[in-house]
Every structure is written in structure tokens, then in C-alpha cells.
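Student: need the 3D shape of this:
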Amino acid sequence: MMEDARRRCRDDLWREALRKLCALDGIDLADPLHRSFYETLGAYEQALTEKNGRTTRASRTRQKIRNKGIVGCLADWALAPAPTEGFGMLIRTGRAELTGEYLLLRYPDRFSDKAVAAARGRLERAGINAPSPATVRPGV
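Tutor: The predicted structure is shown next:
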């Protein structure tokens, strides 16, 4: 579907197909944050695949998940002095809503105030209107 949408210059259909493809990774997870995280990871891996011209997995990210868990991974990304490569790739390709920082702001009650502020600041510096918890429904 993604290939067909791209051939037809239908970015709207391509994005919808990407979202559905990415959602498959975490479909069996009960926790909405974890499901959303795997959607984010899938989007990053798709961006890597496009960049490299071959299927590419985010090995270091997957290792970090095993070592720190999803909440720890997202908090580390937000609190890092510089944005991750994935953040930059997703911003450049117009997929800001799939960044870890954006995801963190969808579930602020799961993170420290410091991590939430850092994520909000990073998105705002990138020119992205950060979501507020009141306007974003968890798991959507």
C-alpha cells in the first residue's frame, strides 16, 4: 500500500499505511504507552529503511529497551543534551507525532516533571506545537 500511495503521490494514504504498519508491532500489548512506543519505533525503523535502501532495525534502541524499559528509554531520550538521530529523522520527514518526545507528552503522568519539560522544550525548539495532555487521548 505504501509503495502504491507513493507512486500516486498520495502522501495522505502513505502516512495512513505507515501508521497501520507501525501499529502492528505492539498490537498485542495491553499498556497503551507500550503499544504507542512500538508504533514510534516502527516509524523510526521505516525511516532508517528508507534512508539505507534496505530493511534496517534500530538495534541500539531495542537494546536500550531491554536494559532500561520503555519508560526509562523515553525519559533518557528527553533528558539527553542533544536530540537522538531518530528525532531528527522523524522531524525532517514530517512525522513529529511519532517521536519519543511527542509520545512522552501524551503520557506525562508516567514521567518526571523534568523529562516532560525537556520533551516539550525539544519539540518547541524544532518548531513543533507540543501536545498538551488535555488535548491528547492516551492510546490514540
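Student: tell me who's in contact with Leu104.
Tutor: Leu74, Ala75, Trp77, Ala78, Phe111, Ala115, Val116, Ala119 (CB atoms under 8 Å, 6 or more residues apart in numbering). In short, each C-beta sits where N, CA and C put it, glycine included.
Student: ok, now with 10 Å
Tutor: 33, 37, 40, 71, 74-75, 77-78, 110-111, 115-116, 118-120, 122-123, 130 (CB atoms under 10 Å, 6 or more residues apart in numbering).
Student: try Gly88
Tutor: Ala47, Ala82, Thr99, Ala126.
Student: pull out the buried residues from the helix or strand containing it.
Tutor: Assigned by DSSP states H and E, Gly88 falls within helix 85-92. For helix 85-92, the neighbour count (16 or more other CB atoms under 10 Å) marks Gly86, Phe87, Met89, Leu90, Ile91 as buried.
Student: tell me the helix or strand right after that helix.
Tutor: According to DSSP H and E, the helix or strand after helix 85-92 is helix 100-106.
Student: circling back to that earlier point, state the mean pLDDT of the helix holding Gly88.
Tutor: When pLDDT is averaged over helix 85-92, the result is 87.
Student: and if you look at stretch 121-137?
Tutor: For stretch 121-137, mean pLDDT rounds to 77.
Student: on that earlier part again, from the contacts of Gly88, which land in strands?
Tutor: Applying DSSP state E to the contacts of Gly88, no entry is found in strands.
Student: compare the residues you listed and tell me which is most surrounded.
Tutor: For these, the largest neighbour count, defined by other CB atoms under 10 Å, is 29 neighbours, found at Thr99.
Student: where does that residue fall, phi/psi-wise?
Tutor: Per-residue torsions, Thr99: phi -80, psi 160 (degrees, to the nearest 10).
Student: let the chain start at 2 from now.
Tutor: That works, and once the first residue is 2, the last one we named lands at Thr100.
Student: check contacts around it.
Tutor: 41, 44-45, 75, 78-79, 84-85, 87-92, 106, 120, 123-124, 127, 129.
Student: with Leu99 instead?
Tutor: So Leu99 contacts 16, 19-20, 23, 37, 40-45, 47-48, 87, 91-92 (CB under 10 Å, 6+ apart).
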